[in-house]
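> Need coordinates for the following:
(3 chains)
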Amino acid sequence: MIALGENSLEMYKDVSQEEDFKFCMTCGICIAGCPASRADPPLLIRNLVRKVILGQEDDLLNDDTPWTCVTCSRCEEVCPQDVKPFEMGLAIRQWQCKNDETRLPPSLVELYKRGYTQAVDKSQELRAQVGMKDKLPTITEYPDLLEKYQKMLMQIEIIKANDYMFGG
Amino acid sequence: MKYGLFPGCNMPAIRPDVEHAIRLTMPALGAELVDLEGYVCCPAFGTFPSMDEDAKLAVNAWNLSIGEEKGVDLMVECGSCFSSLKMGHEHICHSEAKMKRVAELLEVTGKKYEGKNTVKHITDVLYHDVGLDRIRKAAKDRYKGVHMVVQYPCHTLYPSAQVGFEETPGKPRILADLVEALGATVDHYGCEYQCCGGAGGFHRAAHEPAMEFARSKLDSIRNETKAEAIVVSCITCLMFLDKVQKDLNEADGSEKYAIPVFDYNQLLALSMGFPRDQVASIAFVDRSDFISKYTG
Amino acid sequence: MAEMQKIGVLYSNSVGGRPLNVDFKKLEKLIAGDGGSFAYYGEVPDLLVEGSEGRLAEVMKSRGLDGIVLAAGSARTLGERLPILAPGVGREQVTFVNILDHCTGAHEDAAVRERKACALVRMGLARQRVMSTIEKDKLEVFDAVAVVGAGPAGLSAASWLADRGRKVVLLESGNGLGGMASCEKDVAALISKVEASDAVEVLKEARIEEVRGNKGSFTLSIVKQGGKRVEREVGAIVVSTGLAYPPGNEEEPWISYAKLDKRRREAPGDLPENLGFIADPEVVGELVAQHAITVATGLAADHGKHSFIFMGDVPVRGESGQSNYEAALMAGVRFFRPDARGVKVEVKDAKAIVKGLDIILKQDFAITCDLIVTGERPRVSDGSRQAAEVLRLAVEDDAFLQPGNITYLPTYTTRQGVLIAGAAGTEAPTPLAMRGGRLAAIEADAILGEGTISIGAGDVEIDQAACAACLTCFRICPVGAIGVSVDRKVPRISDVDCRDCGICAAACPQRAIKNFLTPELAILEMGRACLKPAPPDGPVVLALCCARSGYAAADAAGELGLPIPENVRVARVPCAGIVSTNVIFGLLNLGVDRVMVVGCPIDNCQNKHGSNLARRWVETCRDLIANLGGDANSVSFHPIASNMPHLFAQRAAEAARRGKDDSRRPS
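Now for the predicted structure:
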């Protein structure tokens, strides 16, 4: 049931400061051809944008579909209203994270700790097998740089607020 | 021609043969590669970009600044690394507020980023900077008459205004032209511009639909073309289209899907005579017959 | 008398295109050699196009010409637009001859082409010589325009005219300006401009009671606020009366647009937060749907209200639809598209809950609104009806004019000097209505001109001794040129408005209307001229074609390259109804072998009765000729619409052949 609560109509401001998505005329071209629209439940980016516009906060907080996006950005290309649907999808993920720390992707911790999701630094053996003897100059090779990088990230409010996760 | 090679993480960690192919072929074609010391994840869309815009742009700027300091553009093979960095670059360079915020965040690191360099996809470099003539000469028509199909990396196509380098974004052709420069014949098929479906959360969140999505593409290739190989230029496309064939075969209990998948630079490296165990040794779908047949 | 007139022959690239395969030098000699005389002959580029308005008057002045024959392509509506495209040149001063279509298009043989072009230009010269001899009266024109109705169209007309330095009398039946669009920004700006202007006299709660006089010199009796009567003299009248909205449910939380607008103007702060607009274009029409969008946008953008619009398909067609929609989205207006069942409204604690199924999210919605704004499909307003009656304008079912006279280009009415704009013609979204107002104002400005109108004097008159004051002529005149004198006893014909169609004369049971001399004489002169140069074989056929239908069909036939025999000479007449028995016998006496009269389809005559009349006259002639033992087929009538060039070509070919085989009767 769509009903409007007290702050529903202002909620969109928390999701995005951009104005572009307001021009959505719900044509649905972003959905036609979206790979993740075939997922179950389907990713329906137009509907997500509409939920933002109508401030359907609870509904949107519990919606997992933004995370099934393949990031191909096709929707961004075809949108006739320049709503930037792909970036709206990311904005919705960010908003979910800000309102519910359990949404924070675990890979963030890897990224914070060693700079990568994949264990690039531990792949030396495989790399040697294909003839690359030199070590890749990843950030883990430069402890001082890693420290600076982590310091940079710790300035971000949401990381600071959840520093227990990052071992900070 | 000098570029900072941004390898990302999947390529060096899981498919280093592709990385080696790039490191061998590009300098041989006149594109000098330098390493980017202390580079980190682009960041991938499922990480900082899904958590905080500022964090995403700061990490983009961290990577870009390493190249800027060396006076080189970043060259990227992975589609999502390219898109993350390129869109980050566009956002930073087209908004004073974002440029300022990034500078604030970078301050504690002693780095700075002023937007003097940019990001290029490897097919962009090959097509526009190296040129088809030089590739034709180096490849020596090893694949003459061999039918192949291409898989364009979506991230290099859309949104074309920000990341594109094709003349006709709705109907891309650079990768096909590059493949034809190797002497091969590119067959076209109905699902040619369809995403592989491998990136992001789709195949993790919805494994079955993602497999079916990939199947539609593979069936289109099988039924509509005489392709002996799928050529990609994105590590995610490579890994997914390779692995999904094995998964589909296992699910079906058949051997139906067995089209070798190559990164473009792997084909290039093989035709230029680089050893196969160094440039094309890791795959689920067996590629040895193909390689033996055409490049010995 | 004819020698006194200096007539020039001009050709130009811009009147329907310059005939390329006619040798104009050779043509000049040919015309002169056949006894045609002209005072000037030459090419003038870019005549009668926007941007060269003064050129024709300049050429005429510098060469001392009284009249012009324009030998070029199809004139289409150039004649009607002459006051705008060539200010200072009277319509009686120009004759258009279409040699592009009738000669170069229709004939491949250069000799035939030139002979025919020569004949057509000579006919043009003959006509123009007659027209230029008409004694002219200069009538003073009142330097003011009445604008009836102060909606977007009326305001924009008044404002445009005021900018041009014209005096404007702006009448509004209501007590506020702007009509139903008063809350829109562009309209609000016009209201303040018009109210502050010294040139515009605004009369609120006013209506026209009576109109006397004609184009250039109307006298209006106006009943204004408090029942007082005033008189105003104007040269032209712009009718921009609006549409009426049937009163809806006005009991809160329901509110009409008019009431909402009143509250918004008086105390915007007192309006509640949440406003719902139920405006499905399928139900209320596109105009109300568009209006809902603009009002909702204004309230959201300027007063911080929450506006909700409930409609199926958003009306995004037309010039402003998409931009209005985007402005609404930008202002934060929320749209709800219910499924086919529409919405239901439940009223609870003086609040309305609008319920339905959102077809995007496939979820039920229940939106609480403090007020529900509604409107119904508009109707013709009483003001429009009354204006139509007072001004004696043709009334259609829906809007009160001919369907073609909407808001785009033609703003003419059946009555000269009265122009229609905006919603008076049809439902028009605000920007279109404003444009219509501007266009009508431009035409009104042209009517006022430099302060005088020149007219032919004393042509048509009513023999008062014979007149029985039955007023048949008053009722039948297609252009409203016949008025009734103050004592309501005697009809009078306006020299300005009369188009010489002759319909009144034919309809008059007393045969009291006389002296339709001008066109009769002109046609006879054309008949004389058309005989030379004689075609090598066959009879000379003069096709007298109604300017609106037959002549346009003849133009189109030439344009399509349909073969029209050389011995058929096409002449343009204002209405087939003027080709009386006198004219026909006159032509036959002069030596014309056959006369074809080509008019509109009987039931679709621009002059209502003209075609019927023409047919009756032709039948009378044929009977007489047959009784006298002549060839009845030498006179024929053909109803041919403008889009029937093939039929025209076929009938022309038949007429040219006939005579060789006298037994054939016309179909």
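
> Now chain A against chain C: closest residue?
Closest contact between chain A and chain C, by CB to the nearest CB, is at A:I2 (3.8 Å). From N, CA and C alone the C-beta is placed, and that goes for glycine too.

> Can you report phi and psi for that residue?
Per-residue torsions, A:I2: phi -90, psi 120 (degrees, to the nearest 10).

> Touching, A:D14 and A:W95? I think so.
Yes: counting by CB atoms under 8 Å, A:W95 is a contact partner of A:D14 at 6.1 Å.

> So for those two, which residue has more residues nearby?
Shown here are A:D14 and A:W95; by other CB atoms under 10 Å in any protein chain shown, A:W95 has more neighbours (21 against 16).

> Surely that one touches A:K13?
No: counting by CB under 8 Å, A:W95 does not reach A:K13; the two are 10.5 Å apart.

> Just the residues contacting whichever helix in chain A runs longest, thanks.
Using DSSP state H, we find that the single longest helix of chain A is helix A:85-99. With contact meaning CB atoms under 8 Å, 6 or more residues apart in numbering or on different chains, helix A:85-99 is reached by A:14-16, A:18, A:21, A:30, A:43, A:45-46, A:48-49, A:52, A:60-61, A:63, A:66-67, A:69, A:71, A:73, A:75-76, A:79, A:103-104, A:158, B:45, B:49-53, B:159.

> The residues you listed also near chain C: which ones?
A:R46 (CB under 8 Å from any CB of the partner chain).

> Now go through the contacts of helix A:85-99 and say which are in helices.
A:14-15, A:45-46, A:48-49, A:52, A:60-61, A:75-76, A:158, B:53.

> Filter those residues down to the buried ones, ChimeraX style.
Remark: buried members of the ones in helices among the contacts of helix A:85-99, expressed as a ChimeraX selection using 16 or more other CB atoms under 10 Å in any protein chain shown:
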select /A:14,15,45,46,48,49,52,60,75,76,158 /B:53
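
> tell me which residues in stretch C:21-35 are buried?
Of the residues in stretch C:21-35, C:V22, C:F24, C:L27, C:E28, C:L30, C:I31, C:D34 count as buried by neighbour count, 16+ other CB under 10 Å.

> So what's the gap between that stretch and the chain middle?
Offset of stretch C:21-35 from its chain centre (CA atoms, centre = their mean, to the nearest Å): 36 Å.

> show me the contacts for residue 9.
Since no chain was named, I'll use chain A. A:G55, C:H306, C:G332, C:R334.

> wrong chain, I was asking about chain C
By CB under 8 Å, 6+ apart, C:V9 lies in contact with C:E28, C:I31, C:F38, C:Y40, C:Y41, C:G42, C:I68, C:V69, C:A71, C:V121, C:G124, C:L125.

> Out of those, which is nearest to C:V347?
Using CB to CB, C:I68 is the member of those that lies nearest C:V347, at 71.8 Å.

> what's in contact with the host helix or strand of that closest one?
Using DSSP states H and E, C:I68 maps to strand C:67-72. Identification of contacts with strand C:67-72 by CB under 8 Å, 6+ apart yields C:5-19, C:38, C:47, C:56, C:59-60, C:89, C:92-100, C:117, C:120-121, C:124-125, C:128-129, C:131-132.

> Quick check: pLDDT value at C:K136.
If you check C:K136, the pLDDT there is 63.

> Could you do C:W617 as well?
Model confidence at C:W617, given as pLDDT, is 86.

> what do you get for C:A117?
88.

> quick one, the longest helix of chain A and helix A:45-53 angle?
Note on geometry: by axes from the mean of the first three to the mean of the last three CA atoms, to 10 degrees, helix A:85-99 and helix A:45-53 are set 50 degrees apart in direction.

> tell me which residues in helix A:85-99 are buried?
Buried residues in helix A:85-99 (16+ other CB under 10 Å): A:85-98.

> Please identify the buried residues of stretch C:588-605?
Neighbour counts over stretch C:588-605 (16+ other CB under 10 Å) mark C:L588, C:L590, C:V592, C:D593, C:R594, C:V595, C:M596, C:V597, C:V598, C:G599, C:C600, C:C605 as buried.

> which residues sit in contact with the first one?
For C:L588, the contacting residues are C:V595, C:S634, C:V635, taking CB under 8 Å, 6+ apart as the criterion.

> Residues of chain A that sit close to chain C?
By CB under 8 Å from any CB, the residues of chain A that approach chain C are A:1-4, A:9, A:19, A:22-26, A:46-47, A:50-51, A:53-54, A:81.

> Mind checking which of these are buried?
Using 16+ other CB under 10 Å, the buried members of these are A:2, A:4, A:9, A:22-26, A:46-47, A:50-51, A:53-54, A:81.

> Determine which two of these are furthest apart.
Across those (CB to CB), the longest gap, 23.2 Å, separates A:L4 and A:Q81.

> what stretches of chain A score poorly on pLDDT?
For chain A, applying pLDDT under 70 flags the ranges A:168.

> what residue is smack in the middle of it?
Chain A has A:L90 as the residue nearest its centroid, 4.3 Å off, counting by CA atoms, centre = their mean.

> Hmm, C:R337 and C:I360 touching each other?
Yes: the criterion here is CB under 8 Å, and C:I360 meets it with C:R337 at 6.4 Å.

> For these two, list the residues in contact with both.
Joint contacts of C:I360 and C:R337 (CB under 8 Å, 6+ apart) are A:T26.

> Next, the buried residues of stretch C:536-552.
C:538-552.

> Kindly indicate which of these lies nearest B:A280.
Relative to B:A280, the closest of the buried residues of stretch C:536-552 is C:A552; by CB to CB it sits at 76.6 Å.

> how close does the closest one get to chain B?
As judged by CB to the nearest CB, to the nearest Å, C:A552 and chain B stand 46 Å apart.

> mind listing what that residue touches?
Here C:A552 is in contact with C:S74, C:R76, C:S642 (criterion: CB under 8 Å, 6+ apart).

> Also B:S84?
Contacts of B:S84 (CB under 8 Å, 6+ apart): B:C42, B:P43, B:A44, B:F45, B:P49, B:K56, B:N60.

> likewise A:P80?
By CB under 8 Å, 6+ apart, the contact set of A:P80 is A:C27, A:I29.

> Tell me how many other residues surround B:P172.
Residues near B:P172, counting by other CB under 10 Å: 23.

> Please work out which residues outside stretch A:23-35 touch it.
Contacts with stretch A:23-35, where a contact means CB under 8 Å, 6+ apart, come from A:37, A:42-46, A:49-50, A:53, A:70, A:72, A:74-75, A:78-83, A:85, B:194-195, B:197, B:202, B:210, B:213, C:314, C:325-326, C:329-330, C:335, C:337, C:360.

> Narrow those residues to just the buried residues.
For those, buried by 16+ other CB under 10 Å: A:37, A:42-46, A:49-50, A:53, A:70, A:72, A:74-75, A:78-79, A:81, A:83, A:85, B:194-195, B:197, B:202, B:210, B:213, C:314, C:325-326, C:329, C:335, C:337, C:360.
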